[in-house]
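Trainee: have a look; sequence and predicted model below, questions after that.
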Amino acid sequence: MKVDKICIVLILILAFAGMSWGSEVWVQENPEATSYKFSDLSAEILVTIKNNNDHVQYFKISHAYQGSLAEMENNTILWVIDWTSPAAVKMVKSRYPELGGDYGWKIQPGETKSVCFKLSAVGQMGQIPSYIIRADSDQGTYWPLVPEPGLMASWFVPNELEILNPNLDILRWKGNFSFRLTNVDSTRVSGIVRAPIVPVDSKLTYSNPRATFLDDELAVDTQIASWDVVMEPGASRVFNYVYEWPMGRTSSSTTQGRSSSIPTAGAQENTTSVPTRDTGVPYGLFVVGALVAGAGVVYAKFMRQ
């Protein structure tokens, strides 16, 4: 009766909404057969912190990043400290003494401090090529065609320190990342490569080579720098990209704050402009319209009988 029809309508509308808002399915791959690998991963971080407490506080550099590596059970990227500015001091406790120990800074009550440091990956994605795998890939078998989304990214919260210690307020965060991409295959390969590490709620302000597009479908409030890459067998190339947090921070140009470790882009294919979604069809309106239209069709078919 009417209640049954209403339930059917709701189920169909929800199913239709799920299909409309659904994302691309990542079919499980064989990590040993992946042609593109990352190495020489590094990160140069600049952060400004304010101590809102009434006593001295400390913060330090972390040596481990959870990254879902394809060829490692531990799934963490380990880092060593290349340099710090101002000079960091050895902390009273160290979690990774094998990586040189933990170093950080003290910050006085009410003080605002800016620090900069550079980290280089060791092992996987450092000297050992690897890549980020999607842990929840679909293990089903489909035929005759399946999508190929390319290489996965990972993301983190740049102001996580505030969660771990609410008295330390992150005022600004900037990350300059670099990696080497190598085609380990014996044939020419083409596909989408995403930045391996991306901060959420942050703006891409620089990329070299220029990012082909920003993928905002994998994580909420995250713009993942993505490149459409074609590489000959055995070829390799260095990629650089810079993010700034919070996303609302304005800059005079997309190259503002370029570090000395980033080469100046001279050729047109290496331009520093970043693609945005300011242009194009507002697809959200089409989805809403489709939902309304679908609801109308379902109503006409079931409710009016």
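Mentor: Alright, I've got the coordinates.
Trainee: and the helix or strand containing Ser120, what does it pack against?
Mentor: Ser120 is part of strand 112-122 when elements are defined by DSSP states H and E. Where contact means 3 or more CB pairs under 8 Å, 6 or more residues apart in numbering; DSSP states H and E, strand 112-122 is packed against strand 36-51, strand 76-85, strand 103-107. Where C-beta positions appear, they are placed from N, C-alpha and C, glycine not excepted.
Trainee: for the stretch 51-200 of the chain, just list every one of the helices.
Mentor: Ranges of helices in the stretch 51-200 of the chain, per DSSP state H, counting those that start in this stretch, are 160-164.
Trainee: for the strand holding Ser120, the averaged confidence score.
Mentor: What strand 112-122 shows for mean pLDDT is 98.
Trainee: for it, buried residues please.
Mentor: Buried positions in strand 112-122, judged by neighbour count with 16 or more other CB atoms under 10 Å: 113, 115-122.
Trainee: want to throw the residues you listed into CSV with distance to Ser68?
Mentor: Conversion of the buried residues of strand 112-122 to CSV gives the following (distance: CB to CB, whole Å):
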residue, distance to Ser68
Lys113, 32
Val115, 28
Cys116, 28
Phe117, 24
Lys118, 24
Leu119, 19
Ser120, 20
Ala121, 14
Val122, 18
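Trainee: let me know the closest of these to His63.
Mentor: Proximity of the buried residues of strand 112-122 to His63 (CB to CB) peaks at Leu119, which lies at 8.2 Å.
Trainee: and the closest residue in space to that closest one that isn't next to it in sequence, what is it in contact with?
Mentor: Excluding the flanking residues, the one nearest Leu119 by CB to CB, 6 or more residues apart in numbering is Trp79, at 4.0 Å. With contact set as CB atoms under 8 Å, 6 or more residues apart in numbering, Trp79 has these partners: 43, 62-65, 99, 119-122.
Trainee: can I get these in a markdown table including distance to Trp83?
Mentor: What follows is the contacts of Trp79, written out as a markdown table (distance: CB to CB, whole Å):
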| residue | distance to Trp83 |
| --- | --- |
| Ala43 | 12 |
| Ser62 | 16 |
| His63 | 15 |
| Ala64 | 19 |
| Tyr65 | 19 |
| Leu99 | 15 |
| Leu119 | 10 |
| Ser120 | 10 |
| Ala121 | 15 |
| Val122 | 15 |
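Trainee: closest one to Trp245 out of the residues you listed, please.
Mentor: Ala43 (13.6 Å).
Trainee: so what's the closest one up against?
Mentor: 79, 118-119, 175-178, 197.
Trainee: please repeat the previous calculation with a cut-off of 10 Å.
Mentor: Ala43 makes contact with 65, 77, 79, 82, 117-121, 175-179, 197, according to CB atoms under 10 Å, 6 or more residues apart in numbering.
Trainee: do the same with Tyr243
Mentor: Contacts of Tyr243 (CB under 10 Å, 6+ apart): 158, 173-177, 195, 197-207, 222-223, 225.
Trainee: for Asp215, same thing?
Mentor: Contacts of Asp215 by CB under 10 Å, 6+ apart are 149-150, 153, 192, 194-195, 198, 222-226.
Trainee: if we use 6 Å, what do you get?
Mentor: For Asp215, the contacting residues are 224, 226, by CB atoms under 6 Å, 6 or more residues apart in numbering.
Trainee: got phi/psi on it?
Mentor: phi -90, psi 110 (degrees, to the nearest 10).
Trainee: pLDDT score for it?
Mentor: The model's pLDDT for Asp215 equals 97.
Trainee: measure the most centrally placed residue in the chain to Trp155 for me?
Mentor: By CA atoms, centre = their mean, the chain has its centre lying nearest to Val198, at 2.6 Å. From Val198 over to Trp155 the distance is 5 Å, taken as CB to CB, to the nearest Å.
Trainee: also Glu148?
Mentor: Glu148 is 21 Å from Trp155, by CB to CB.
Trainee: quick revisit: residues contacting the residue nearest to the centre of the chain?
Mentor: 153, 155, 224.
Trainee: got a list of what the second one touches?
Mentor: With contacts defined as CB under 6 Å, 6+ apart, Trp155 is in contact with 198, 200, 219, 222.
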